[in-house]
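**Q** Just need the structure, nothing else, for what follows:
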Amino acid sequence: MKVAITVGPAMQKLLNGLLAALFTVALVPAPVLAQADSGQIVINVTDASTKAPVVLARVLLSGPIMTSEYSGENGSVKFTNVPDGIYGARIFKRDYQSATSEQFEVVNGKVVTVTVSLARSTQLKEIGSVEVRSKASISTTSVGDTSAQRKLSDTLADALNKISGVSVQTSSNDSDATQTISLEGQDASQTALTLDGIPLNAPGTAGNLGSISTDLFRGSSVSFGPQAGGLAGGVNFRTLEPTLSWQGTLTLSAGSYGKYNWAVGETGSLGRLGFAVQHTARSTPSLANGLVFADASGIGPYEHDAINNNSADLLKLRYRLTDAQTLTGTFMDTNTDNGFICLQDTGALPCGYGPNNSIASHFSLFSLTDSALVGQTAVQASIYQNKVNFDRDLLNRFLNGLPDPGGYLTDTTSRGLSINATLPAKERHTISITANSATSSSATTSLTPSGVQFTAPGSSSTYSTISVNDSIRSSTKLKLNESFGLSQATNAPASVLAGISAQWSPTTADAYTASYSVGGVSPRAGREGTLSEPASLRFDCNGNVAYGNAPGDLPGASASTSARLTWQHTLKNGVFNAQLYRQVQNGIILPILVNGTVLQSAVPPGYFEEVQSVFDSPGGCNAGPGIPFGAQNTYFSVPVGGVQRIYQGVQLAANLNFGNLNVQPYYNVTAAKANSADPRIDNGFSIVVPGSQLPNVPLHKAGLTLDYKAPNSAVEGLITAQYTGPNNPQNLPAYTVLDAGIDAHLKSGDLTVAANNIFNAYGGVFATNAGAVPYTTIGGQQIATIARPNAPRQYSLTFTMPFGAGAATAKTRPTLASQLGANDQGGGPGGRGRGGFNLTPLPATPPADPFAPSQNPQCTADAAKSAQVVLGELKTYVAKIEAAKTSNGYPDQVAGAPQIPGANVVYHKAGASYALSLELQGRGSVGPAAAPAAGSLSPACLTMHVAQPEDVQSRNLYAPKSVPFARPALQFMPAVGFYFPRPQPQAGAQSFRVYKLPSTPPAKPFALIPTDACIPDYKTVAQRDLGELQAYFASGKALRSWKVIAHTANGGTWYELQPSDPGQSLISLLNCGRIAAGTPAEVKAAGFDGARPPSINFNAKLGLYIVRGAPGQGNARPAGTQPAGTPPLGAPPAGAPPPPPPGMPP
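**A** Model (predicted):
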């Protein structure tokens, strides 16, 4: 006996929506869920014959970064945090032919999936498709131009300071301040800075960001631990990269105190030549700009003019010589000029030099990079040059009303060559070599004869580094690594750096890494030091002390031991990272404040007498005669060599998602100590106390970033809080700075309103004694310090407008629906398909009320009211299940499932939990309803998630072993709510069949094609539907089961065919009819367009066809879209174009 069950409109709508989702996930690889600002590349490697994953295939990635990795058990390799740009991949596996991908691009932080089929050596090889999806990567060590930290920061350097383990330090609040980066409390000279892999500083020297416009940087990434360029680790900055599609960004920003900046950039390609060009301009007035007051210059009150003007340009050209080789040239130029002003008020008068003194700098960088894939070898070779010119013009300086000209010019040039190569090796081994050789010269010229004695002579040096790394993929869960490095510098013995590490991933959620390194980094010889002129010393009159700079030691041979343990745990809603480290450095330079009593032989005769004279004058402390002020009252920042430094600590960081809230907390404990028998450190006046924390290195630092965007809202809320403990570089007590803002995603771009240091924590203009934390010497004496304030409360307004091909995707936050390709189904922004359904990621925690109607705008008030009836019945049944739970768990069966028309509700016990299946059944003729019927359930009102096969396994979710293609089952479990399990692809299983787009019109487009897949049930439905469609297009006969919408295109008229029951019609025609399939580009090339499934399309030239997803190749007309005046279901299309005349070929 055959029982026919009729599906009501509500269940039919839900069926349509689920079928559209099912069709989408059947054609699109599973997405990667994450959250960050850089892109992600996923390489899926399968066997061309069996379609099974190829494990331990070697993947070489070439582009803005060059790297190599092996595929895992699922045949996939994930490259995370990759910068935007153009890439290529080459894949190798023993007994298989190698494959090389076409070029593809990463833009706007997308996930790019490259699917590769490898053929056995005796077969033809096949390279598969490239797919692009939105993404958000999980990272705790990177910052990009769309991250919450960056949106709430004035510059990228400010944002970098909000990352775990990173401290961006400014030497003072004055115009000539330097800006350096310290990692894990170490001296900035141990941080290797690179720009797109090009070195910005030599080993043993601190890179100064103050001379470079960081507005040209798109983002940065941080690595901790010893490397060839620095014992502390490295920071790599990224700039714009050429792209295949043309796109650009315009940014305008204005803020408190008259500051503003703007930037414009454009990327794209013309044939083989790719471009990236950017211009930035920034104006930042000093906090004292425009103020009128008297200072130590002694020339009376005057208006202080100090505006930092910065302009910068970037040009990057990438030429593709062959499919495996590219040349990339980069030119970057920064010009900065600034009125010289001193922001310290600790004397009789604020410090100052008089008007018309200035600071100017010029930075330029040129590089040429050749990237090539040669067989199984990837090579990247670069030549580069960077120059820094610094002009400290104090020719108009006054002291106590008298001219006291000074100043100097510094010119530094570095030229070098770097090579990175990944070499063929034994199975499971990846050998990589990195080498760098550079020469550097520096010269300082005094602008006055009297200043010659205070400037260091010029110097030049050569340094070279090379490191060899062997990465061994012992298994898909264990990765071993061994490295050996050698560095050599002028006048310094060679240093060796060797290390071993192991990474063990016992589960997909946990990764443990242990590493141990020994050796050192040979620094560049020729470290310069400048002695502060007496008039340039900073006096603290309350403590009778003055601070300045003095020359010190050149770097020498060093040695170190370093151990690090890391645990990374991937949660359902993010990632948690913990690091424990200890490093002992011997023979290292330590820049530290040294008392003048041990430096008397290093200063010119009569120096301290001049210091006494300045101290007595109004330009100093106006002390007058009789108060001694000599060497014991002065402290100089001096690089002292031969020091043992010990760093140890803990880093805890996480990146978590709670629904629409992203939370990024971190907490650092940094212990830093130093030991030395050098008399400059081992004396009663020394502030370096053996066994105690180094001065100006806080023991504790913490931060929290919150990023919230409500569902269906265009406004994003941003908050960052940064805690810095005492003993900080600013000599302030412990403090917390809170920043907050909102980011509105407008149609034309993003508008960000930000407030910094909202509670004005130690905010101010001048460095003073107020709140300053004193130093304590070895002898127990307290030395007064000068507290440098934080920037006071400020506000800013920033508008970012993307333009070009990538503009639309750059503006909105990605959703899982877009990752699944729901937009390819015509849903538009937000990933809504036909009927307004929306698939979202599985929630990390159980939903508070899974039976509440969703906030989808398509869920109207009437629809929500009707849906509450069905959802209420399900909620009542769930309460009954919970009440039946005992100490032994849930029962095997629970009676009383609600009776929902058109669907069976089936209870399943699933391990320690349970699941409900809503099995949709039957078919029916449905038309548009004027209003939702009571008890109907619109898919737009249901919060539905999608579960990937790996989600089902890792989270113990229920999934039916087999589901008919035309009858999908929606599942419910209390841990995740409603979800749609994505079926695991089965090798050799045929779900449906499609044909290529025909080159000639099909003779019989509505013919029934009997095959083994055309089972009797499918055949019955297909015969009915094909007969109806043939009669309609032959004679205009009215339809019962289809809605027809006519459209025009260049090639003529095409028709969108909407089945009333896609559950039966679509699968039946796919198995029993001649349905062609093409990408949007292929369909447009034929002169037509098409709607996405579950609609089918028809025209006389192509016959029946569907449009399958091909990201980046155009958009088909959304299913269900029709112009005004479209005829109702079953009626012939009205107006032009008319229905086809009788006699159209059947």
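
**Q** quick one, longest helix in the chain?
**A** helix 861-883 (DSSP state H).

**Q** got the domain boundaries for the chain?
**A** If you go by automatic domain parsing, the domain ranges for the chain are 1-28+821-991, 142-269+284-395+410-517+530-801, 995-1107.

**Q** which of these has the lowest average pLDDT?
**A** Note on those: lowest mean pLDDT is at domain 1-28+821-991, with a mean of 66.

**Q** out of the domains of the chain, which comes closest to Ile65?
**A** Among these, domain 142-269+284-395+410-517+530-801 comes nearest to Ile65, with 7.6 Å by Cβ to Cβ. C-betas here are computed from N, CA, C, even on glycine.

**Q** Check which helices and strands the longest helix of the chain is in contact with.
**A** Contact here means 3 or more Cβ pairs under 8 Å, 6 or more residues apart in numbering; DSSP states H and E; on that basis helix 861-883 packs against strand 903-910, strand 913-920.

**Q** Now do the buried residues in that helix.
**A** 863-864, 866-871, 873-875, 877-878, 881 (16 or more other Cβ atoms under 10 Å).

**Q** hey, C-alpha coordinates of the helix or strand containing Tyr408 in CSV?
**A** Element membership of Tyr408, judged by DSSP states H and E, is strand 406-423. The C-alpha trace of strand 406-423 is given here as CSV (Å, rounded to 0.1, in the frame of the first residue of the first chain):
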residue,chain,number,x,y,z
GLY,A,406,74.2,72.6,17.8
GLY,A,407,73.0,69.6,15.9
TYR,A,408,74.3,66.8,13.7
LEU,A,409,73.6,64.8,10.5
THR,A,410,73.6,61.0,10.5
ASP,A,411,73.6,59.0,7.3
THR,A,412,73.2,55.2,7.4
THR,A,413,73.2,52.9,4.4
SER,A,414,72.7,49.2,4.2
ARG,A,415,73.0,47.0,1.1
GLY,A,416,72.5,43.3,1.1
LEU,A,417,71.5,40.0,-0.5
SER,A,418,69.2,37.4,0.9
ILE,A,419,68.3,34.0,-0.3
ASN,A,420,65.6,31.6,0.8
ALA,A,421,65.5,28.1,-0.7
THR,A,422,63.4,25.0,0.0
LEU,A,423,65.2,22.0,-1.3
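
**Q** buried set for it?
**A** Within strand 406-423, the residues that qualify as buried are 406-414, 416, 418, 420-423, counting by 16+ other Cβ under 10 Å.

**Q** How far off centre is that strand?
**A** Chain-centre distance of strand 406-423: 28 Å, with Cα atoms, centre = their mean, to the nearest Å.

**Q** Can you tell me the strand partners of it and which way each runs?
**A** When pairs are called by DSSP bridges, strand 406-423 turns out to pair with strand 377-394 (antiparallel), strand 429-446 (antiparallel).

**Q** could these go into a markdown table alongside mean neighbour count and distance to Ala509?
**A** A markdown table is the format used below for the strands paired with strand 406-423 (neighbours: other Cβ atoms under 10 Å; distance: least, Cβ to Cβ, whole Å):
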| stretch | mean neighbour count | distance to Ala509 |
| --- | --- | --- |
| strand 377-394 | 19 | 31 |
| strand 429-446 | 18 | 25 |
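
**Q** Out of those, which is closest to Pro301?
**A** Proximity to Pro301 (Cβ to Cβ) singles out strand 377-394 among those, at 20.3 Å.

**Q** Surely Val441 and Val388 touch.
**A** Rather than Val, residue 441 is Ser. No. Ser441 lies out of contact with Val388 (Cβ atoms under 8 Å); the separation is 11.4 Å.

**Q** so how many other residues sit close to Ser460?
**A** Here the number of neighbours of Ser460 (other Cβ atoms under 10 Å) works out to 13.

**Q** Repeat that for Ala535.
**A** Neighbours of Ala535 (other Cβ under 10 Å): 23.

**Q** Alpha carbons of stretch 80-90, in PDB - could you do that?
**A** Only the C-alpha atoms of stretch 80-90 are listed here, as PDB (Å, rounded to 0.1, in the frame of the first residue of the first chain):
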ATOM      1  CA  THR A  80      47.400  30.600   7.900                       C
ATOM      2  CA  ASN A  81      48.100  34.300   8.300                       C
ATOM      3  CA  VAL A  82      49.300  34.800   4.700                       C
ATOM      4  CA  PRO A  83      49.400  38.300   3.400                       C
ATOM      5  CA  ASP A  84      47.300  39.400   0.400                       C
ATOM      6  CA  GLY A  85      48.900  38.900  -3.000                       C
ATOM      7  CA  ILE A  86      49.300  36.500  -5.900                       C
ATOM      8  CA  TYR A  87      50.300  32.900  -5.200                       C
ATOM      9  CA  GLY A  88      51.100  29.600  -6.900                       C
ATOM     10  CA  ALA A  89      51.400  26.100  -5.500                       C
ATOM     11  CA  ARG A  90      53.300  23.000  -6.600                       C
END
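
**Q** So which of the helices and strands packed on helix 861-883 is the most surrounded?
**A** Neighbour counts (mean count of other Cβ atoms under 10 Å) averaged over each of the helices and strands packed on helix 861-883 peak at strand 913-920, with a mean of 21.

**Q** That strand packs against which elements?
**A** Judged by 3+ Cβ pairs under 8 Å, 6+ apart, strand 913-920 is in contact with helix 9-27, helix 861-883, strand 903-910, strand 969-973.

**Q** Please name the strands paired to it in the sheet, noting orientation.
**A** Partners of strand 913-920 in the sheet, by DSSP bridges, are strand 903-910 (antiparallel), strand 969-973 (antiparallel).

**Q** between the ones you listed, which one is nearest to Ser461?
**A** That would be strand 969-973 among the strands paired with strand 913-920, by Cβ to Cβ, at 65.5 Å.

**Q** Just the CA atoms of that closest one, as CSV, please.
**A** C-alpha atoms of strand 969-973 as CSV (Å, rounded to 0.1, in the frame of the first residue of the first chain):
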residue,chain,number,x,y,z
ALA,A,969,16.6,15.9,7.6
LEU,A,970,17.1,18.8,9.9
GLN,A,971,18.6,17.8,13.2
PHE,A,972,18.4,19.3,16.7
MET,A,973,20.7,18.7,19.7
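
**Q** Run a quick neighbour tally on Val54.
**A** 20.

**Q** correction: Arg1108
**A** 22.

**Q** So what pairs up with the spatially closest residue to it that is not a sequence neighbour in the strands?
**A** Closest residue to Arg1108 apart from its sequence neighbours, by Cβ to Cβ, 6 or more residues apart in numbering: Ala1077 at 5.0 Å. Under DSSP bridges, the beta-bridge partners of Ala1077 are Lys996, Ile1106.

**Q** count of neighbours near Arg272?
**A** For Arg272, using other Cβ under 10 Å, the count is 12.

**Q** picking that back up, mind checking which of the strands paired with strand 406-423 is nearest Gly210?
**A** strand 377-394 (9.3 Å).

**Q** So what are the sheet partners of the helix or strand just after the closest one and their directions?
**A** Next along the chain after strand 377-394, taking DSSP H and E as the criterion, comes strand 398-399. As defined by DSSP bridges, the strand partners of strand 398-399 come to strand 402-403 (antiparallel).

**Q** got the contact list for Thr267?
**A** Neighbouring residues of Thr267 by Cβ atoms under 8 Å, 6 or more residues apart in numbering: 84, 240-243, 246-248, 274-277.

**Q** Okay, now the sheet partners of the host helix or strand of it, with direction.
**A** Assigned by DSSP H and E, Thr267 belongs to strand 260-270. Partners of strand 260-270 in the sheet, by DSSP bridges, are strand 247-255 (antiparallel), strand 273-285 (antiparallel).

**Q** So which bits of that strand are buried?
**A** By 16+ other Cβ under 10 Å, the buried positions in strand 260-270 come out as 261-269.
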